[in-house]
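Participant: next come a sequence and a model predicted from it.
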Amino acid sequence: MSRVLLIEDDPAVREGVVLGLRRQGHEVCAVPTGEEGLAQLRVFRPDLVVLDLMLPGMPGLEVCAGIRAVDETLPIIMATARGDEVDIVVGLEVGADDYVVKPVTARILDARIRAVLRRAGGGTGLPAIDSFGDLSVDRAGVTVTLAGTPVALAPSEMRLLLTLSASPGQVFSRQQLLEAVWEHDFHGDARLVDACVKRLRTKLAEPPRAPRFIHTVRGFGYRFTADR
């Protein structure tokens, strides 16, 4: 049973999501504000957070950044009623792993939750440790170090790095990465990929104009290259 922290201010939506997720087998703690949500991180100790962007008081984007300041690896799914492009992009760049546009059924949200938790729980199935210069990727332990220092990655960031680094030199389209990393087997949203690449490059100390590891192939997608 997974422990889901729901941060949603609308009482009717909150009640409906809680009932639906509990029917799907999740343990749910639901709070109406970002401040209460941040407080519950240490009390409830969730496996995943479902975060509404439109919150009173502390806005959802600020809450997302607050969660990431406490825990870099805790999975976060944003929920937005507007589907606003700017909020979605900023939220993904702040650290969300996925997003859904409300209204969303409990079954669809449950599928997204389970997919994110699967991604958080394991690697690509390729054993051993890969070293690329001062970057070390432990596929069995699902950990990353850069110049000997551990790098804390969110689940989507880890899966993206595992996928790209498993096939150095191969160009992956955004759709291929959506299917491999986010398990979206439909024509998904390239913003998920681009925002995750941006976050991952920042954590790997990649120079914006001269990346060492993750390269953009214009018109096609992304490629991982590095000296071993």
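Facilitator: Happy to help now that I have it. Numbers count the residues shown, from 1 in each chain.

Participant: can you map out the strands along the chain?
Facilitator: Taking DSSP state E as the test, the strands found in the chain are 3-7, 27-31, 48-52, 76-80, 98-101, 129-132, 135-138, 143-146, 149-150, 171-173, 214-217, 221-224.

Participant: so which elements touch the fifth one?
Facilitator: The one in question is strand 98-101. Counting contacts by 3 or more C-beta pairs under 8 Å, 6 or more residues apart in numbering; DSSP states H and E, strand 98-101 packs against strand 76-80, helix 85-94, helix 106-121. To be clear about C-beta, it is placed using only N, CA and C from the backbone, and glycine gets the same treatment.

Participant: who does that strand pair up with?
Facilitator: strand 76-80 (parallel) (DSSP bridges).

Participant: so what's the gap between the partner strand and the chain middle?
Facilitator: 10 Å (C-alpha atoms, centre = their mean, to the nearest Å).

Participant: report the rounded mean pLDDT for it.
Facilitator: Averaging pLDDT along strand 76-80 gives 90.

Participant: give me the low-pLDDT residue ranges for this protein?
Facilitator: 82-84, 120-128, 184-188, 227-228 (pLDDT under 70).

Participant: so which residue is dead centre in it?
Facilitator: For the chain, residue 97 is the residue whose C-alpha lies nearest the centre (C-alpha atoms, centre = their mean; 1.8 Å).

Participant: which residue, other than its chain neighbours, is closest to that residue?
Facilitator: residue 156 (4.3 Å; C-beta to C-beta, 6 or more residues apart in numbering).
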